[in-house]
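> Return a 3D structure for these sequence lines:
(2 chains)
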Amino acid sequence: MSKLVAFAAIQGGYKVVSTAEGAFNKALETFSADTKIEFPNTGYYLPVIYSLTGMKVETIEDLRKPLEYARSLLPPHIKGKNHLPFLGPLLDAGMAAIFSYEIIEAIRILNEPDFYIHAEDPDIENGKLWVGPADDIVLRKRGVEFVDGSAPGFAAIVGAAPDPETAKMIVEDYQKRNLYIFCAANHNGQTVIEQLIEAGVQVGWNTRIVPFGPDISSAIFALGFANRAAMAFGGLEPGDYRKILMYNKERVFAFVNALGDIGTEWGCAAAGCVNWGFPTIADTDIPEILPTGICTYEHVVANIPHDEMVQKSVEVRGLKVQVADIDIPCAFGPAYEGERVRGDDLYCQAGAKTQATELCKMAELKEIEDGKVEVIGKDIPDMKEGDTFVLGIYVQIAGREFQTDFEPIMERQIHHLANYIQGIMHVGQRDIAWVRISKAAVEKGFTLKDIGIVLHAKYHQDFGKIVDKVQVTLYTDKKDVDALTERAKKEYRTRDERVEKMKDEDVETYYSCTLCQSFAPNHVCTISPERTGLCGAYNWMDCKAAFEINPTGPNQPIEKGECLDEKLGQWKGVNDFIYKASRGAVTHYNFYSMLHDPMTTCGCCECIAAMLPSCNGVMTVGRDYMGETPSGMKFTKLAGVMGGGASSPGFVGHSKFNITQGKFLVGDGGLLRMVWMPKVLKEELKERIEKRGADLGVPNLYDLIADETVGTTEEEILPWLEEKGHPALSMDPIVG
Amino acid sequence: MAEEKVKKEKGPKLADPNKVSICPATQEMIERSHALGIETVFDRAATMKPCAIGMQGTCCKICAMGPCRLPLPKKGIEGKDDRKGLCGATANTIAARNFARMVAAGTAAHSDHGRSVAEVFLSVARKETEDYKIKDPVRLRQIAPHFGVDTTIEKDGEVKDRNLDEIALEVAEKAWAEWGKPEGTLLYLDRAPEPLQEKWKKMGVMPRNIDREVVEIMHRTTMGVDQDYKNIIKQSTRCSLADGWGGAMMATDLQDVMFGSPSPLQSEANMGIMKEDHVNIIVHGHEPVLSEMIVAASQSPELLEYASSKGAKGIQLGGICCTANEILQRHGVPPAGTFLQQELAIITGACDAMVVDVQCVFQNLANVAKCFHTKLITTHPIAKMEQNNVIHIEFDEHHAMEDAIKIVRMAIDNFENRSADVVIPPYKETQIAGFGVESIEYHLGGTFRGSYYTLNDNIINGRIRGVAGVVGCNNARTKHNEEHITIIKELIKNDVLVLTTGCSAIACGTHGLLTPETAAVYCGPGLAEVCETVGIPPVLHLGSCVDNTRILLAATEVVKAGGLGNDLCDLPAAGSAPEWMSEKAIAIGQYFVSSGVYTVFGYHMPLDGAPELKSYLYEEMEKIYGGKWDCEPDPVKHAHKMIAHIDKKRKELGIDKARERVLMDMADRQALEA
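Okay, the predicted model is just below:
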């Protein structure tokens, strides 16, 4: 009976709004009304309230308005007989509760600033289990996975399973399906997160199991994440609640799993989630709501056995996910990519202090045997705990459509694919790889051969169009590894030179990237040899390969056609393409300028460059730098200004790598305009900046670029730039 | 129960209460009328047969050479039909002229009602009255753009809400002009789905102004003018659209602006709502302008105290016909009965005053009132009665409250004049009423997700088979309420959601179909499940008969929400007026048909004498507008004709098979439209 659900959830709404009002009044008594209220490092205030109402909460006093609004949404209680319609009121009560939960959490952070650990992973030793609201860095980093499909959605799990094993079973099943698992609330004091930790499961953003918080109010962080995605990637305006909610219904494949008895406070939260099109699947016998409409399919499905929970949830939400079925003893999937193998868990490792090298080469079809995986030298069973070893991974690929250009792309996959194995950690690439193997993996029977099995299977699965045969050889004897390393180094050099030398002028074809359109429907990237994708994930060569692999996929060749502006980098063929692919939203853009119709961004750019008029230059900031910048905005604010597929003169999104590419902002004066970068980014690119600077006739450019140690305002850095004689100061005026 | 041993050859016959109504309150009051020797409509229907030639629609009395009567011979006509009147008018011409004149009369009735409302609204906007206010500014802002009135202003590059008084004045003036503007076409036509507007334009039936279309029908159908039945029907369409998408729609909207848009509320229905120890005031007719004031007056502490001083425990207001529906929808005032129960409400002996305005008011009320203490008060200058016991208190919006107080006071004064013999039939049912286009949208998803798409989705997935509008009058030639209730029960049993207005809605309330609990009892499993989820009854009360425009607009919202075609005629929907009697019903039917709705009337249509015209209305019109007329007196067959049409539309839409669950992968998500 829906009526019982409505009755309970509306009661819950009253209770939660009252609790929030109590917390608010108490906060007013404790602190002054202008005390700052915020979730850490976000440009979206209290994101659910901001996204749906446009109200910006910055101080305690600012909470009054949304709280009053929440109160006004509460409908009359439902009568037992001859009641009035309740679906609308139920959803409103849910929303009132959701707003109130966000307020409760904001006040909690004010009262107990250390309640949540501001990190991606919990600090279990020190009892800091709960990570709280995701900041904008996490949003953008993880958001990319939602955007490119590597994470199709999230399961919001509230409560606790009957036992740790069940919790583990459910969560690992979601991990295998690449979903994020957002956990909140407790059932009789028990939480899924504590159960998982007890069962030895690694939790944290890195394993996609996010311990938001121990109370139902912490579930709000999942919605805050979803709504920020709608604004950051979907380009939706705060306050445009209908579009934001529909964006979530259509594009964010999320749902709620309620484990344990559903009281009124969970009920109203679940009702609130229905506004997003997120259904609830419960393990208890509660009234079901099956007709469709607000959600795509059912709204509440009850009494689902734990071993069917995952399958049922995915089906109710209308989501199709593929589970990679690879014959290895460990679980496998992107969810394990970020998993760490820490000191205590480590069984053995290669790399770091020993040599570990990876090389992928094209082979003749006759030359290799598909599926042959050989370990030459000792394998795991021959090792003991604490051993280190040398490793060479040599992959040979043959295919009628295969080209040597694809070798580096395939080689780069080794990092992801090895990491996808549960219990295996892979760091680095080429001849500086590092593989750590956990005790848990070894206990399950993992051997090095399994890496080869994974590579063979996944290359066929993901690159079937270009791959006909894959053979993998793993070396663990020093002489073999040394030989491979020597050969590999030569290969790397040849490759680098080929890519480095490639100029935009050398090719007639650029590639589009509309991978993000699932999230940013109007955004189209165009990738040229000298302008790699702004997300940092795709260069021209990758796109070329991606097109060969999937000719109808998101990377399409664009004949650049007539050059309309050589300096700013604009081509007729590109304009025609983006007009169509952006569904008319973008008519044209320039490749080499931030000042004049710059390229758009989906919101997942690695860096954002901004003009600094009084320094006559530009700055750029990476998304992992949280501080202020001379543009007057932090990264998150900048991203808010320009995300969602809009061209915003004065700002442009780009990749880190792009900074030292030949065409970087050449229309505005090029890299010599660069007057400020965060230290961490500058250091990361040190070598390349020096080289590029020398090419431009300023070999000491690296030392002329200011960073936050010099200042974070234009006024602070200008005298320093003048003192150093930064070349930008003597260039043509950047404005006008 | 009743004795029907009245001698056939002598004098008036008496109706058999059990055969003329399914409503127990009505049956008991008919028995009482017989016991008291008071004649009612039911007895007159037993006594007087309808005119056989008029029934066929082929009696022409528009000139003094006639009346010319062109009945269809019992055996029909073989070969050429050469029936003609003195002037040569064919049966088709005569029946079409009669039909057109009904459309004109119906349009005139609704639209004159609308004009009164617009007039009051104009005085509100001009601030000439204190008693009426703008109660629903949101609604005003919502309708303003359809009058071409801006709701925002740009000041210093900033867009701001425009002053409400300014909007009101401009809307009032624009609305007022719709009745007689010299140029252009009606402004509200742009609210219809585009393809429908295109059809109207192509056919040349966009009404120019409301009065003109009525006048033109009267002209065309007078002696020796339009003698092509298709051309006459075309003008009937144009005139009816001036009703449905003009006068009636403005009546509804402006009433909502001044009196508030309805939202769901609980009330009761049937004569049992009258209270022996209360002053009972029954308002009857159609225009809520006065009754709004009477509602306010009857709740005023002064008058309640005055009532108490006269020995009454309170003031019970009740309604009959659409005035009842108007104050039910906005204030929860319970209806005491339908059109056919108007005399019976007085026969309770408990009715201290019956206040009537316009339309559907029996002149016999005066004769019945004479037998009791009841004050019968007419209030409208265009609606008086010749009998000397009728009191006329002419209502004027400039002194609205004063008039209302005077009337309520008169009823209170009359309380002590009651005779001891008061019999209020103890029957009433609870109902949930108060649905409207906006409140339905809200209840389909709340403040944030409210959308007709929720309804569409459940139509597409087959839980709801389709939507039916069942509306209209009662008719003493059919068994009171039986057709309404049988048809509606059959529809909801087959998972068809029903929207109802007028006396049909009162019938539904009376027979308990307007409660959420009804769903589990009478509905098919799919509809029951949806009703349970939304918490609604399977039959939604949308108001009075001018509020049929709410059905048009709700259907338009369904089209806009997507997934069910592009035009009203694409929808799996049908209309019905099971017990129609008023000319207004013909106007309503014609505007529904001309808007693309398959519309089935019960009882009888005055078309049998002109088979060619009949087939034009029943078949040809569908090719032009997508909707067509039909008539089926048998209620079960009637419902199944509607269901068959709904199924046909489902098939055309490709939703006649179970919907598959689509599981989305990444490629599907990328293919999503922006």
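> Using CSV, list the CA coordinates for stretch A:596-603.
Once non-C-alpha atoms are left out, stretch A:596-603 reads as follows in CSV (Å, rounded to 0.1, in the frame of the first residue of the first chain):
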residue,chain,number,x,y,z
HIS,A,596,38.7,34.7,-28.9
ASP,A,597,36.0,32.0,-28.9
PRO,A,598,38.0,29.3,-27.1
MET,A,599,37.2,25.6,-27.3
THR,A,600,34.4,24.5,-25.0
THR,A,601,34.8,22.1,-22.1
CYS,A,602,32.6,19.4,-20.7
GLY,A,603,33.8,20.2,-17.2
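> Name the residues of the stretch 551-674 of chain B found near chain A, please.
For the stretch 551-674 of chain B, the residues in contact with chain A (CB under 8 Å from any CB of the partner chain) are B:661-666, B:668-670, B:672-674. Where C-beta positions appear, they are placed from N, C-alpha and C, glycine not excepted.
> and the residues you listed, which are buried?
Neighbour-count burial (16 or more other CB atoms under 10 Å in any protein chain shown) is assigned, among those, to B:664, B:666, B:669-670.
> Out of those residues, which sit inside helices?
Using DSSP state H, the subset of these located in helices is B:666, B:669-670.
> which of those residues lies closest to A:K176?
Checking these against A:K176 with CB to CB, the nearest one is B:M666 at 16.5 Å.
> Please report how far that closest one lies from A:P554.
Remark: distance between B:M666 and A:P554 (CB to CB, to the nearest Å) = 9 Å.
> pLDDT at B:H146, what is it?
Here the pLDDT value assigned to B:H146 is 97.
> Pull the number of nearby residues for it.
By other CB atoms under 10 Å in any protein chain shown, 18 other residues sit near B:H146.
> you'd agree it is up against B:A192?
No - taking CB atoms under 8 Å as the definition, B:H146 is not a contact partner of B:A192, at 11.0 Å.
> Find residues that contact each of those two.
Counting by CB atoms under 8 Å, 6 or more residues apart in numbering or on different chains, B:H146 and B:A192 have no common neighbour.
> Might you report the residue contacts of A:Y625?
A:Y625 sits next to A:635, A:678, A:680-681, A:708 when contact means CB under 8 Å, 6+ apart.
> Tell me the spacing between B:G627 and B:M605.
B:G627 is 15 Å from B:M605, where distance means CB to CB.
> So for these two, which sits in the more crowded spot?
Shown here are B:G627 and B:M605; by other CB under 10 Å, B:G627 has more neighbours (25 against 22).
> Under the pLDDT cut-off, which ranges of the chain? List them.
Answering for chain A, as no chain was given. Low-confidence regions of chain A, defined by pLDDT under 70, span residues A:1, A:516-519, A:643-645, A:736.
> switch to chain B, that's the one I care about
Along chain B, the model assigns pLDDT under 70 to residues B:1-10, B:673-674.
> circling back to that earlier point, out of the ones in helices among the buried ones among the residues of the stretch 551-674 of chain B next to chain A, which one sits closest to B:V124?
Using CB to CB, those come closest to B:V124 at B:R669, 51.6 Å.
> Now do stretch B:289-303: everything it contacts.
B:116-117, B:120, B:131-132, B:258-259, B:281, B:283, B:304, B:315, B:317, B:319, B:323, B:326-327, B:330-331, B:333, B:355, B:357, B:379, B:395, B:397, B:400-401, B:403-405, B:407-409, B:412.
> These also near chain A: which ones?
Answer for these near chain A: none qualify (CB under 8 Å from any CB).
> List only buried entries from those residues.
Taking 16+ other CB under 10 Å as the criterion, what is buried in the contacts of stretch B:289-303 is B:116-117, B:120, B:131-132, B:258-259, B:281, B:283, B:304, B:315, B:317, B:319, B:323, B:326-327, B:330-331, B:333, B:355, B:357, B:379, B:395, B:397, B:400-401, B:403-405, B:407-409, B:412.
> who are the neighbours in contact with the residue most central in space within chain A?
Centroid check for chain A by CA atoms, centre = their mean gives A:R142 as the closest residue, at 1.6 Å. For A:R142, the contact set (CB under 8 Å, 6+ apart) comprises A:134, A:151, A:180, A:205, A:225.
> Surely it is in a helix?
Yes - using DSSP: H, G, I helix; E, B strand; the rest coil, the assignment for A:R142 is a helix.
> From chain B, how far off is it?
Distance of A:R142 to chain B, computed by CB to the nearest CB, to the nearest Å: 16 Å.
> Name all residues that make contact with the residue nearest to the spatial centre of chain B.
Centroid-nearest residue in chain B, with CA atoms, centre = their mean: B:C545, separated by 1.6 Å. Contact analysis of B:C545 by CB under 8 Å, 6+ apart lists B:110, B:286, B:322, B:325, B:471-472, B:501-502, B:584, B:588.
> For those residues, could you give me CSV that also reports neighbour count and secondary structure?
Compiled in CSV, the contacts of B:C545 are given as follows (neighbours: other CB atoms under 10 Å in any protein chain shown; DSSP: H, G, I helix; E, B strand; the rest coil):
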residue, neighbour count, secondary structure
B:H110, 32, helix
B:H286, 29, coil
B:C322, 33, helix
B:N325, 31, helix
B:V471, 30, coil
B:G472, 33, coil
B:T501, 28, coil
B:G502, 35, helix
B:K584, 31, helix
B:I588, 34, helix
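> So which of these is the closest to B:D253?
B:H110 (13.0 Å).
> Give the closest residue to that closest one in space, chain neighbours not counted.
Computed as CB to CB, 6 or more residues apart in numbering or on different chains, the closest residue to B:H110 that is not its neighbour in sequence is B:A248, at 4.1 Å.
> related to what we said a few turns ago, is it possible to get JSON lines of the contacts of A:R142 that adds secondary structure?
As requested, these are exported to JSON lines (three-state DSSP):
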{"residue": "A:A134", "secondary structure": "coil"}
{"residue": "A:A151", "secondary structure": "coil"}
{"residue": "A:Y180", "secondary structure": "strand"}
{"residue": "A:W205", "secondary structure": "helix"}
{"residue": "A:F225", "secondary structure": "helix"}
